[in-house]
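Trainee: give me a 3D structure for the following:
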Amino acid sequence: MRPSEYAIKCLEAFKYVPLWYVTLEGLANATRVMCQDDAKESLALTQETEGGLALHPTLLVVASKHAKYDHNLAFSNFLYAKCNFLIQIEHAKWPPTIVDSFNWFFYNLENHVLRQQAE
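Mentor: Residues are numbered from 1 along each chain as shown. I've put the predicted structure just below:
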């Protein structure tokens, strides 16, 4: 399964994307939306950086109404999402140093002392 077109385009533009988009729920939602004929054909009017207007497929510019904030994810969903997130930012051609920084960040979250005490 792959994330929504919206999430992929945001990652390619180095923009924030909630981790929900790369959880099982988010991936299933993206698959379900891609199977809907009306979702493939609908267009949205967007403003270009030069000041003009353009029509783009809605799938590229509209966030999912089902998306959850990162802090609302269960830890098991976070663990699943972090692996997919790292893969997706590599596919989006993020610099290796940034990918490594995220990997180190997630490692430290997963192995933090406070988390060990909670168990």
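Trainee: how about the longest helix anywhere in the chain as CSV, C-alpha atoms only?
Mentor: As assigned by DSSP state H, the longest helix anywhere in the chain is helix 75-91. What follows is helix 75-91, C-alpha atoms only, in CSV (Å, rounded to 0.1, in the frame of the first residue of the first chain):
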residue,chain,number,x,y,z
PHE,A,75,2.2,4.1,20.3
SER,A,76,1.9,1.0,18.3
ASN,A,77,0.6,3.0,15.3
PHE,A,78,3.5,5.5,15.8
LEU,A,79,6.0,2.6,15.6
TYR,A,80,4.4,1.3,12.4
ALA,A,81,4.2,4.8,10.9
LYS,A,82,7.8,5.8,11.7
CYS,A,83,9.2,3.0,9.5
ASN,A,84,6.9,3.9,6.6
PHE,A,85,7.7,7.6,7.1
LEU,A,86,11.4,6.9,6.8
ILE,A,87,10.8,4.9,3.6
GLN,A,88,8.6,7.6,2.1
ILE,A,89,11.1,10.4,2.8
GLU,A,90,13.8,8.4,1.1
HIS,A,91,11.5,7.8,-1.9
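Trainee: mind listing what's buried along the very next helix or strand once past it?
Mentor: Downstream of helix 75-91, the first helix or strand assigned by DSSP states H and E is helix 96-110. Residues 99, 106 are the ones in helix 96-110 that count as buried (16 or more other CB atoms under 10 Å). Any C-beta I mention is one placed from the backbone N, CA and C, and that applies to glycine too.
Trainee: I'd say residue 26 and residue 73 touch.
Mentor: No - applying CB atoms under 8 Å as the test, residue 26 and residue 73 come out as separate, 9.8 Å apart.
Trainee: overlap of the contact sets of these two?
Mentor: Shared contacts of residue 26 and residue 73 (CB atoms under 8 Å, 6 or more residues apart in numbering): 20, 81.
Trainee: between those two, tell me which one has more neighbours.
Mentor: Neighbour count, other CB atoms under 10 Å: between residue 26 and residue 73, residue 26 has more, with 27 against 19.
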